[in-house]
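Undergrad: kindly return the folded structure for what I paste below:
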Amino acid sequence: MREEEIEKIRGVVRDCVSKHLYSSAIFFADKVAALTNDPSDIYMQAQALFLGRHYRRAFHLLNASKIVLRDLRFRYLAAKCLEELKEWDQCLLMLGDAKVDDDGIVYDAKDGNVIDFDKDGEDREINISSAICFLRGKAYGALQNRSQARQWYKAAIKADPLCYEALECLIESHMLTSEEESSLLSSLQFSPEDGWLSSFYSCLIKKYDKESTVELKFKKLENETSGSVSGSSMITLANNTDLLACKAEYYHQCCEYQKCFELTAALLEKDPFHLKCTLVHLAAAMELGNSNELYLMACNLVKDYPSKALSWFAVGCYYYCIKKYAEARRYFSKATGIDGSFSPARIGYGNSFAAQEEGDQAMSAYRTAARLFPGLNLDIILFQVSFANSVHWNGVYANSQLQACGPVFHASKGDMPFGSTCL
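TA: Below is the predicted model of the structure:
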């Protein structure tokens, strides 16, 4: 077969993938690989198999090619297959030996030299080494080694600031304190045209700065323009759902619950399946005691996302709101069973004990949350202090229990709201 004909079949494979016709893509990619035995065509066949969810076959193809030992693309795709198969130890072995320190700096396991992740390929391509670091983090997270997971996520975002998923895991799993998040963000090397991304990331991290500083961050990003004109106005990010969800989260943190609820309600009208916004909406509804809204949200979430922790957390929030704490605890526990890194459910679990004045169980739940999620410390104070004030404990005993959770709990015991979740 002539090269032009083979190239035409390659085009068919690419078109099948773009149209999600994976069985067709597998069929034609197999023929191209058989005709050429070219590594690029073998890789294309493996990708088609991966997209068609034939993970074991794709892994076998990559592993049998022997190129997997020399080509990072092959190794990464083989490791992705093992990720889908939940074979985490094998996944780490496939990714190779490397070490990482607390600052996210990666070292060669053999000679101890620092590995420099130069940007390869096109400017808009994410560094393959960054993707490998991120996958290592996911594997360690699945193996319950949160310390290593945190370090590899930091390495991933440092290797390439465009690897948003690594930052997302660090933030949403509360792996870093507020100071550590700020330090990490300041260490990232953004290209000149990615100034907007640096600003956006600064809005995603914890918002414990002065009110004026946080609002200035939002204003700076809202004023970011694309340089093109739509009609008579400049195009900006001011109405971006992700940015507005961050702003709603900030309103919740400032205890402006009605303002938060109104914003999230408007956002969910526009994008009803935005899950981060949904979590903030649940938190605001909980603080406002809006049990009807919690009931409707819980029903919809369980229908649309039965395998997500957020759905069962919403059910728990509803029962907590109507003061059925044992039922709430059951659903909070179900949420953590689905996703052990879903911190709001762990806090809700402790709150359900606190609401029934079961001090020891509540403190045990809070201590577990403080251990698993270092970045939650300041948020946990919110619940712990309110709990210490609401339960008629001996003051010395309450103090000793709070201190057992770590030095960060040496905080003033002012009046704080007792919410159902932490953000």
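
Undergrad: so which residues of the stretch 151-300 of the chain form helices?
TA: Applying DSSP state H, counting those that start in this stretch to the stretch 151-300 of the chain gives helices spanning 164-172, 178-187, 195-204, 211-222, 241-253, 257-270, 275-287, 291-304.

Undergrad: could I get the buried residue list for the fifth one?
TA: This means helix 241-253. By neighbour count with 16 or more other C-beta atoms under 10 Å, helix 241-253 contains the buried residues 242, 243, 244, 245, 246, 247, 248, 249, 250, 251, 252, 253. All C-beta atoms are positioned from the backbone trio N, CA, C, and that covers glycine.

Undergrad: please, which helix or strand holds the closest residue to residue 49 other than its chain neighbours?
TA: Spatial nearest neighbour of residue 49, chain neighbours left out: residue 58 (3.7 Å); criterion: C-beta to C-beta, 6 or more residues apart in numbering. Per DSSP states H and E, residue 58 falls inside helix 55-64.

Undergrad: next helix or strand past that helix?
TA: Helix 55-64 is succeeded, C-terminally, by helix 72-84 (DSSP H and E).

Undergrad: residues contacting that next one, please?
TA: Applying C-beta atoms under 8 Å, 6 or more residues apart in numbering, the external contacts of helix 72-84 come out as 39, 43, 46-47, 50, 53, 55-56, 58-59, 62-63, 65, 67-69, 88, 90-91, 94-96, 128-129, 131-132, 135, 138-139.

Undergrad: what's the angle from that helix to helix 55-64?
TA: Calculated by axes from the mean of the first three to the mean of the last three C-alpha atoms, to 10 degrees, helix 72-84 forms an angle of 150 degrees with helix 55-64.

Undergrad: what residues sit buried inside helix 72-84?
TA: 73, 74, 75, 76, 77, 78, 79, 80, 81, 82, 83.

Undergrad: what is the burial count for the residue nearest to residue 49?
TA: Number of residues near residue 58 (other C-beta atoms under 10 Å) recorded here: 24.

Undergrad: what's the spacing between it and residue 26?
TA: The spacing between residue 58 and residue 26, counted by C-beta to C-beta, to the nearest Å, is 10 Å.

Undergrad: then residue 285?
TA: Per C-beta to C-beta, residue 285 is found 46 Å from residue 26.

Undergrad: same check, this time on residue 142
TA: Noted for residue 142: a distance of 28 Å to residue 26, by C-beta to C-beta.

Undergrad: okay, those two: which has more neighbours?
TA: Using other C-beta under 10 Å as the criterion, residue 142 and residue 26 rank with residue 26 on top: 22 against 14.

Undergrad: quick check: phi and psi on the more buried one?
TA: With angles defined as degrees, to the nearest 10, residue 26 sits at phi -60, psi -40.

Undergrad: quick check: chain neighbours aside, which residue is closest to it?
TA: residue 48 (4.7 Å).

Undergrad: enumerate every residue touching the residue nearest to residue 49.
TA: 46, 47, 49, 50, 77, 78, 81.

Undergrad: swap the cut-off to 10 Å and go again
TA: Each residue near residue 58 by C-beta atoms under 10 Å, 6 or more residues apart in numbering is listed here: 26, 45-52, 77-78, 80-81, 84.

Undergrad: ok, so of those, who is nearest residue 359?
TA: Each of these was scored against residue 359 by C-beta to C-beta, and residue 84 proved nearest at 43.7 Å.

Undergrad: and the gap between the residue nearest to residue 26 and residue 62?
TA: According to C-beta to C-beta, residue 48 and residue 62 sit 12 Å apart.

Undergrad: returning to what we had before: pick out the shakiest of the helices of the stretch 151-300 of the chain, pLDDT-wise.
TA: For the helices of the stretch 151-300 of the chain, mean pLDDT drops lowest on helix 211-222, to a mean of 78.

Undergrad: other SSEs contacting it?
TA: The contact analysis (3 or more C-beta pairs under 10 Å, 6 or more residues apart in numbering; DSSP states H and E) places helix 211-222 against helix 195-204, helix 241-253.

Undergrad: ok, residues contacting the first one?
TA: Among residues not part of helix 195-204, those counted as contacts by C-beta under 10 Å, 6+ apart are 157, 161-162, 164, 167-168, 170-172, 181-182, 184-186, 188, 190-191, 194, 209, 213-214, 217-218, 220-226, 237, 240, 242-243, 245-247, 249-250, 276.

Undergrad: hang on, residue 368 packs against residue 345?
TA: No: shown here, residue 368 and residue 345 do not form a contact pair, counting by C-beta atoms under 10 Å, at 11.7 Å.

Undergrad: who touches both of those two?
TA: With contacts taken as C-beta under 10 Å, 6+ apart, the residues that reach both residue 368 and residue 345 are residue 336.

Undergrad: more neighbours: which of those two?
TA: Taking neighbours as other C-beta under 10 Å, residue 368 and residue 345 compare with residue 345 leading, 27 against 15.

Undergrad: now the more buried one: which helix or strand?
TA: Assigned by DSSP H and E, residue 345 belongs to helix 343-355.

Undergrad: and the angle for the very next helix or strand once past that helix with helix 343-355?
TA: For helix 343-355, the following helix or strand on the C-terminal side (DSSP H and E) is helix 359-372. Here helix 359-372 runs at an angle of 160 degrees relative to helix 343-355 (the same axes, to 10 degrees).

Undergrad: could I get the buried residue list for helix 359-372?
TA: Neighbour counts over helix 359-372 (16+ other C-beta under 10 Å) mark 359, 362, 363, 365, 366, 367, 369, 370, 372 as buried.

Undergrad: residue 317 against residue 327, yeah?
TA: No: using C-beta under 10 Å, residue 317 is not in contact with residue 327; the gap is 11.2 Å.

Undergrad: neighbour-wise, which of these two wins?
TA: For residue 317 versus residue 327, neighbours defined as other C-beta under 10 Å are more numerous around residue 317 (28 against 16).

Undergrad: for residue 290, see how far away the more buried one is.
TA: Taken as C-beta to C-beta, the span from residue 317 to residue 290 is 10 Å.

Undergrad: do you know how far the residue nearest to residue 26 is from residue 6?
TA: If you measure residue 48 against residue 6 using C-beta to C-beta, the figure is 16 Å.

Undergrad: who has more neighbours, these two?
TA: Per other C-beta under 10 Å, whichever of residue 48 and residue 6 has more neighbours is residue 48, with 27 against 16.
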